[in-house]
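**Student:** Build the 3D model from these lines:
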Amino acid sequence: MLGAGSKQENPLFGAPMHSEKVVFNEAILATGAAIHAYSAIMWLKNNK
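**Tutor:** Modelled structure (predicted):
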């Protein structure tokens, strides 16, 4: 649910991903991209 946030974070967050009421927490996207890139690098390193 990267970027979707939760109602505890912000009352606007937490709507289902395909709802017209969804509001994304775009501040987390850079961190999420870094986590995905790191995971891919580690997988490649360990699965040659």
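**Student:** hey, let's count contacts and neighbours off CA atoms from now on
**Tutor:** OK.
**Student:** so is the nearest residue to N25 once chain neighbours are set aside in a helix, a strand, or just coil?
**Tutor:** In this structure, N25 finds its nearest non-sequential neighbour in G3, 4.7 Å apart by CA to CA, 6 or more residues apart in numbering. Using DSSP: H, G, I helix; E, B strand; the rest coil, the secondary structure recorded for G3 is coil.
**Student:** Count the residues that sit near G3.
**Tutor:** Here the count is done by other CA atoms under 10 Å, and G3 has 18 residues near it.
**Student:** tell me the contacts of it?
**Tutor:** The contact partners of G3, by CA atoms under 8 Å, 6 or more residues apart in numbering, come to F24, N25, E26, A27, I28, L29.
**Student:** Distance of the second one relative to A37?
**Tutor:** Using CA to CA, to the nearest Å, N25 is found at 19 Å from A37.
**Student:** So the two - more neighbours on which side?
**Tutor:** N25 (17 against 12).
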